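Chemist: what follows is a protein structure lacking sequence information:
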């Protein structure tokens, strides 16, 4: 199932964004303190589950029609998936772990989105700084971190999820998500997330294309032997695609799987549970030098 090349006319009033909308989203960051080593976010954000959860986050990003349009017209996720992932990782980790450089990185992240805009076939305008769409990308990150830690990582101690959410509201403000767009607490956020799933998200050519990249990944460019088509296509790609597709499907809510047409048969459920149990046993017990991405390790040092 595919969608029109851009959001339909039913969405025009929501996707069109005027200059004053963008200005309203340019919130001053004075008084916003970057996160530090005592935060819950520092403890949970930068470990290997972030990498495992990346396809799920992009998939539900593009389920929002405005984000789908931006990715369709500007993203290189199909031609340069590893480069795109590395640039995204550098930016968001710089905001969370950057300390004195975090606000500058947050401003750079927002500026990169300023020129991602265009016009729909019906004449309405769209922009990646549309407040709802910009918040949705942040929200998918928050919900993704929560889910991947719950299913693949260390889990959550009492009170941590609520504190993590408040810290991520702070992160959102750093790169310009409007405070009034973010629910006040974790419970309200979950209610809002479910409502967005029911009323604003949709399956489209972009959700299908993203999941297609997940199920049939390209070889990593920094491992020369895997760039040989025979080696990659007959050995690694089928296994990597099966694992990535299973993990991505398993990290979705049941409502999102149904909306996006993602199979959740018995075989995939069993495989995800095996992967989940192994990940929960292994990842939290790894030494920090292996468990955490370089940005997080450097911040702790």
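Modeler: Structure's in. What do you need? From a predicted model like this one, the values you see are computed outputs, not experimental measurements.

Chemist: quick check: chain neighbours aside, which residue is closest to residue 196?
Modeler: residue 136 (6.9 Å; C-beta to C-beta, 6 or more residues apart in numbering). C-beta here means a position set from N, CA and C on the backbone, and glycine is covered the same way.

Chemist: just residue 99 next, same as before
Modeler: residue 34 (5.6 Å).

Chemist: the one you found: neighbour count?
Modeler: Applying other C-beta atoms under 10 Å, we find 20 residues neighbouring residue 34.

Chemist: buried residues in stretch 49-56, which are they?
Modeler: By neighbour count on 16 or more other C-beta atoms under 10 Å, the buried set for stretch 49-56 is 49-50, 52-56.

Chemist: got it, and stretch 220-230?
Modeler: Those would be residue 226, for stretch 220-230 by 16+ other C-beta under 10 Å.

Chemist: and that stretch, how far apart are its ends?
Modeler: 14 Å (C-alpha to C-alpha, to the nearest Å).

Chemist: and for the helix or strand harbouring residue 289, what are the contacting residues?
Modeler: Taking DSSP states H and E as the criterion, residue 289 maps to helix 288-291. Contact with helix 288-291 is made by 47-48, 283-284, 297, 300, as judged by C-beta atoms under 8 Å, 6 or more residues apart in numbering.

Chemist: low-confidence regions, the chain specifically.
Modeler: Applying pLDDT under 70 to the chain flags residues 1-30.

Chemist: go again with 90.
Modeler: Counting by pLDDT under 90, the ranges of the chain that qualify are 1-33, 76-79, 82, 84, 119-124, 220-233, 235, 288-289, 301.

Chemist: just want the most central residue of it.
Modeler: The centre of the chain sits closest to residue 57, judged by C-alpha atoms, centre = their mean, with a distance of 3.1 Å.

Chemist: distance of that one relative to residue 248?
Modeler: 9 Å (C-beta to C-beta, to the nearest Å).

Chemist: looking at neighbours, which among the contacts of helix 288-291 is most surrounded?
Modeler: residue 47 (23 neighbours).

Chemist: wait, what's in contact with residue 243?
Modeler: residue 275.

Chemist: starting at the chain centroid, how far to stretch 267-277?
Modeler: Offset of stretch 267-277 from its chain centre (C-alpha atoms, centre = their mean, to the nearest Å): 22 Å.

Chemist: for that stretch, buried residues please.
Modeler: So, applying 16+ other C-beta under 10 Å, buried residues of stretch 267-277: 268, 271-272, 275-276.

Chemist: out of those, which comes closest to residue 189?
Modeler: The shortest gap between residue 189 and any of the buried residues of stretch 267-277 belongs to residue 276, at 23.4 Å (C-beta to C-beta).

Chemist: what comes into contact with the helix or strand harbouring the closest one?
Modeler: Using DSSP H and E, residue 276 sits in helix 266-282. In this structure, residues lying in contact with helix 266-282 by C-beta under 8 Å, 6+ apart are 49, 52, 151-155, 242-243, 245-247, 249-250.

Chemist: quick one: distance of that helix to the chain centre.
Modeler: That offset, for helix 266-282, works out to 21 Å (C-alpha atoms, centre = their mean).

Chemist: try stretch 292-301
Modeler: 20 Å.

Chemist: and what of stretch 167-176?
Modeler: 15 Å.

Chemist: can you check stretch 146-163 too?
Modeler: 17 Å.

Chemist: list the contacts of that stretch.
Modeler: 39-40, 44, 47, 49-50, 52-53, 56, 164, 185-186, 247, 250-251, 275-276, 279-280, 283-284.
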